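Colleague: Just need the structure, nothing else, for what follows:
(one chain, ligands or ions: 2)
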Amino acid sequence: LDEVKSRKSALFDGRYERICTLGKGNFGKVYLARDCSTGQEVAVKVVDKTSIKSGDQRQHALNEKEICEGFAQRLNHKNVVNVYEVFTDHENIYVAMEYVEGGELFEKIKQRHRLEEPLAKRWFREIIEAVYYIHKNGIVHRDLKPENVLIDKYQKIRICDFGFGKFCERQQVLNTYCGSPFYAAPEMVTATPYRGPPVDMWSCGVILFAMLAGTLPFQGNDMPQLFRRINNGAYTMPQHISREAADLINRLLCKSAKGRISAEECLKHPWLNHNNRLVGGLE
Ligand code: ADP
Ligand code: MG
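Modeller: Numbering: from 1, shown residues only. Ligands and ions are numbered 1, 2, ... in the order given. So this is what the prediction gives:
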């Protein structure tokens with residue numbers, strides 16, 4: 001009986017066989033697994049419903065389910081992780097999705113200390129293409145950070161983790177605070193109700209800064225200090241960053257949500273349109 005039980009726990013609903021752990025975030029554990037019927041390798045995110053204590057966590061888990069289900073039906077973009085199916089049992093919510101092999105953008109920045117502009121430009125353009133696509137489809141991600149940006153085996157960007165995602169009608173005001181504080185927009189860290197899409201653009205500004213500088217634009221010894229700095233909107237641009245890249249960062253890290261550049265405008269920005277050739281391989 002024990003053997004039967006352990007075999008069952010290595011299977012997700014009898015459909016996927018667990019191979020190993022891929023990653024862990026605040027809300028879920030992600031496993032590499034094999035689809036028992038096709039033999040295909042997939043990633044399965046498991047959100048434990050029984051460990052959910054607060055109402056907020058519960059909301060988050062339900063949100064993950066809803067948004068991913070919506071996703072599986074609606075979205076399909078080359079730079080967004082493909083969700084195959086979402087299912088639940090009495091313990092967990094499972095999100096079966098495409099396995100992205102290359103790891104997190106976070107690791108790539110750490111390995112190289114910082115990214116050279118041509119590579120940062122290539123990856124950042126793909127991030128913005130994905131963000132433009134999800135915004136156009138009425139979704140705000142709200143937790144964009146290098147841990148949630150994956151690189152596939154072709155060295156292409158794949159955005160994942162829609163646990164904080166939100167379907168948002170045009171002009172709808174969203175009120176919940178979410179995401180990582182380092183990537184949070186001023187309207188997110190103050191009591192102001194915020195409109196959706198610009199919060200993602202701010203996070204993209206922090207990501208671009210992190211890619212090119214290898215550090216974060218806003219840091220603090222504690223949350224109040226960090227939030228004060230974000231709200232003041234003052235940061236130091238490293239000397240080595242090109243004028244055009246610095247201009248794009250400034251437009252993304254614009255304190256006013258209304259004045260902040262949109263994903264659509266971003267794609268037209270000179271920095272993303274003047275091609276300098278990638279020198280050398282990607283590794
Ligand atoms: P959380 O909501 O807990 O942050 P994520 O969905 O971000 O969970 O997943 C946690 C980590 O698992 C990610 O940061 C990433 O390293 C890894 N991961 C997530 N999805 C995939 C995937 N489709 N393929 C490969 N690794 C993944
Ligand atoms: Mg995550």
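
Colleague: What distance do you get for whichever residue of the stretch 151-283 of the chain sits closest to ligand 2 to Asn148?
Modeller: Closest to ligand 2 within the stretch 151-283 of the chain is Asp161: 3.8 Å, counting by Cβ to the ion. (C-beta placed from N, C-alpha, C; glycine too.) Distance, Asp161 to Asn148, using Cβ to Cβ, to the nearest Å: 4 Å.

Colleague: Quick one: residues contacting the residue in the stretch 101-250 of the chain that ligand 1 sits nearest to.
Modeller: Nearest residue of the stretch 101-250 of the chain to ligand 1 (Cβ to the nearest ligand atom) works out as Asp161 at 3.3 Å. The contact partners of Asp161, taken as Cβ atoms under 8 Å, 6 or more residues apart in numbering, are 25, 143, 147-148.

Colleague: Buried only: go through those for me.
Modeller: The neighbour-count criterion (16 or more other Cβ atoms under 10 Å) marks 143, 147-148 among the contacts of Asp161 as buried.

Colleague: Using JSON lines, lay out those residues together with distance to ligand 1.
Modeller: Putting these into JSON lines (distance: Cβ to the nearest ligand atom, whole Å) gives the following:
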{"residue": "Asp143", "distance to ligand 1": "7"}
{"residue": "Glu147", "distance to ligand 1": "5"}
{"residue": "Asn148", "distance to ligand 1": "5"}
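
Colleague: Sort out which of those are in strands and list them.
Modeller: Among the buried ones among the contacts of Asp161, DSSP state E puts none in strands.

Colleague: hang on, isn't Pro181 packed against Pro224?
Modeller: No: contact criterion Cβ atoms under 8 Å: Pro181 and Pro224 do not qualify, at 10.7 Å.

Colleague: between these two, which one's more packed in?
Modeller: For Pro181 versus Pro224, neighbours defined as other Cβ atoms under 10 Å are more numerous around Pro181 (14 against 10).

Colleague: For the more buried one, give its distance to Ala257.
Modeller: Computed with Cβ to Cβ, the distance linking Pro181 and Ala257 is 17 Å.

Colleague: And for Asn26?
Modeller: Distance, Asn26 to Ala257, by Cβ to Cβ: 25 Å.

Colleague: of these two, who's got more company?
Modeller: Using other Cβ under 10 Å, the more surrounded residue of Asn26 and Ala257 is Ala257, with 19 against 11.

Colleague: ok, the residue nearest to the more buried one when sequence neighbours are not counted - contacts?
Modeller: Leaving out its chain neighbours, the residue that sits closest to Ala257 by Cβ to Cβ, 6 or more residues apart in numbering is Pro198, at 4.0 Å. Residues in contact with Pro198 (Cβ under 8 Å, 6+ apart) are 185, 187, 257-258, 260, 262.
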